[in-house]
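*Asks:* how would this look folded up:
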Amino acid sequence: MKEKIFLYYTSDLHSHFENWAQIVGYFNQKKEKHIYRNETYWLLDNGDHADRFHPITEGLMGQGNVELLNEAGYNFATLGNNEGITLSYDDLYRLYDEAEFKVLCANLRSLKDPQPSWLLPYTIKTTPLGTKVAVIGLTAPFETFYRMLGWEIASPYTVLDKYYEEICNQADIFILLSHLGIHDDEEIARHYPAIDVIIGGHTHHLFQNGEHYGNTLLTAAGKHGTHLGEVLLEWDHTSCGLSKKEAYAVSTENLLKDKKVTDDIDKMREKALKHLQTSVAVLKKPLQVAWFKDTLLMRRLTEELREWTKADAAMLNAGVLLDHLNPGRITYEDIHRICPHPMNPCKVEVTGDELLEIIRVGHTKKLTQIRLKGLGFRGEIIGKMIFSGIVIQTVVGSDGEERVRHVTINGSPIDRYKTYTLGTADTFTFGRLFPEIAYSKNKQYYMPELLRDVLAKALKNID
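*Replies:* As a prediction, this is how the structure comes out:
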């Protein structure tokens, strides 16, 4: 006898609810079919469902995302880094209190007891025909960030070593919800061959038909709900093994929207926006935004960042502000609208020589015109780099490039061998935009505050 088991999953939605009604509508159609045929099916989310760029997630601190997962009938979920390290300790601790699905994350625990009641390392479900299916969850180990917020995050390999044999001895089928990224998924497939399926995410990769690594089937559905994932498993009760496993990424572009889900999202948005109506400041005149100019609003934000971090100097890109502010009452909704990024303030130590190189690169068109995606940035383009605490003299060449000629800090030329502190956004500590910042040995992150908290304070001080 052969038994079919169907898995449907989402990964890295990042609160792109414009695709949610299509996804849930498709799942509902599949559920009706499986219920009619008495087939086993489960819905899973692989993390980063929530993203504070969206007012629903910001206004309800992720609770709205959990409500949507409940209403869609999800069975299992794991955490992504956007749930894990963009919320305060208390907000994450309470995030899944009302979850009607199992939250699985084997490498996360609170630094203090009691542990959240919803947090499980893995679960084993038995199908109506007696097949035991284990699902374990793992999330990306951003150790520094989690510890600052009051959580302990362990190496996924250490955790797998702990639970691997235990699960193998109990389950027929072994599934991993992995918010680790493609390279870790491949490594895990090589070293833990009893894992039958890895539902992958975090690096936003897309496997149209799955990828086989030895015994393991790797799956991935990209990002933002442009695709959803399907997995078909066929368990042979005679040979006691999987006779088939297939995976597909289904485009949501032409799927029909579920009208009820669309209406629910609209109502949820209205509810969330009510939570963002607290007044921040009253402006007497408009404040303009320009991605390639030095504006009053960007100057004050950068100056406030320097004060916030107590740094010698500060640097921010003008592209972090997405819209103008009109005169009158400014609310947190306005702050979120123009600065939606889940980016933290940070302070790094750099030598004078490194600081000069950062300033030089920060004035090049090659950097300022980059269309950045990810690393916490939710805008369109990096834009002009704005500095505070530094006086910079530049000239514009015949090629249109702005070149740095002279730099002073506190009235004196920068000492190439001295160590300085630079306040900036945590985005620049990742990737390769500024290697001098990324590879700084001393970084201090300010959490759970986001860049828009600095903006709110800056606005209070603008006449």
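
*Asks:* residues contacting the nearest residue to Lys284 once chain neighbours are set aside?
*Replies:* Among residues not flanking Lys284 along the chain, Pro327 sits closest, at 6.2 Å (C-beta to C-beta, 6 or more residues apart in numbering). Placement of C-beta: from N, CA and C, glycine included. Contact partners of Pro327, counting by C-beta atoms under 8 Å, 6 or more residues apart in numbering, are Leu283, Lys284, Lys285, Pro286.

*Asks:* next up, phi/psi of Pro327, please.
*Replies:* With angles defined as degrees, to the nearest 10, Pro327 sits at phi -60, psi 150.

*Asks:* from here on, call the first residue 597.
*Replies:* From this message on, residue numbering opens at 597, which makes the last subject Pro923.

*Asks:* what is the nearest of the contacts of Pro923 to Leu851?
*Replies:* The closest of the contacts of Pro923 to Leu851 turns out to be Pro882 (C-beta to C-beta; 41.8 Å).

*Asks:* need the contact list for that closest one.
*Replies:* Residues near Pro882 by C-beta under 8 Å, 6+ apart: His920, Leu921, Asn922, Pro923.

*Asks:* from Val916, how far off is it?
*Replies:* Note on Pro882: its distance to Val916, by C-beta to C-beta, to the nearest Å, is 19 Å.

*Asks:* check which element follows the longest helix anywhere in the chain along the chain.
*Replies:* Taking DSSP state H as the criterion, the chain has its longest helix at helix 616-633. Heading C-terminal from helix 616-633, the first helix or strand you meet, by DSSP states H and E, is strand 636-641.

*Asks:* may I have the helix or strand Glu663 falls within exported as CSV, CA atoms only?
*Replies:* Using DSSP H and E, Glu663 sits in helix 659-668. The C-alpha atoms that make up helix 659-668 are tabulated as CSV, following Å, rounded to 0.1, in the frame of the first residue of the first chain:
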residue,chain,number,x,y,z
GLN,A,659,0.6,39.6,15.8
GLY,A,660,-1.3,40.2,12.6
ASN,A,661,1.0,37.9,10.7
VAL,A,662,0.3,35.1,13.2
GLU,A,663,-3.5,35.8,12.9
LEU,A,664,-3.2,35.4,9.1
LEU,A,665,-1.4,32.1,9.5
ASN,A,666,-4.1,30.9,11.9
GLU,A,667,-6.9,31.9,9.6
ALA,A,668,-5.2,30.1,6.7
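
*Asks:* contacts for that helix, please.
*Replies:* Outside of helix 659-668, the residues within contact range by C-beta under 8 Å, 6+ apart are 611, 613, 616, 619-620, 623, 639, 641, 645-646, 652-653, 673, 691-692, 694-697, 857, 860-861, 864, 867-868.

*Asks:* which of the residues you listed fall within strands?
*Replies:* Of the positions in these, Leu639, Asp641, Ala673 sit in strands, assigned by DSSP state E.

*Asks:* let's see stretch 621-637 as PDB, backbone CA atoms only.
*Replies:* Listed next in PDB are the C-alpha coordinates belonging to stretch 621-637 (Å, rounded to 0.1, in the frame of the first residue of the first chain):
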ATOM      1  CA  GLY A 621      -6.900  30.800  -2.200                       C
ATOM      2  CA  TYR A 622      -4.700  28.200  -3.800                       C
ATOM      3  CA  PHE A 623      -4.200  26.300  -0.500                       C
ATOM      4  CA  ASN A 624      -7.900  26.300   0.100                       C
ATOM      5  CA  GLN A 625      -8.600  24.700  -3.300                       C
ATOM      6  CA  LYS A 626      -6.000  22.000  -2.500                       C
ATOM      7  CA  LYS A 627      -7.400  21.400   0.900                       C
ATOM      8  CA  GLU A 628     -10.800  20.700  -0.400                       C
ATOM      9  CA  LYS A 629      -9.500  18.200  -2.800                       C
ATOM     10  CA  HIS A 630      -7.400  16.400  -0.200                       C
ATOM     11  CA  ILE A 631     -10.300  16.300   2.300                       C
ATOM     12  CA  TYR A 632     -12.500  14.800  -0.300                       C
ATOM     13  CA  ARG A 633      -9.900  12.100  -1.000                       C
ATOM     14  CA  ASN A 634      -9.000  11.500   2.700                       C
ATOM     15  CA  GLU A 635      -5.300  12.500   2.000                       C
ATOM     16  CA  THR A 636      -2.900  13.900   4.500                       C
ATOM     17  CA  TYR A 637      -1.800  17.500   3.900                       C
END
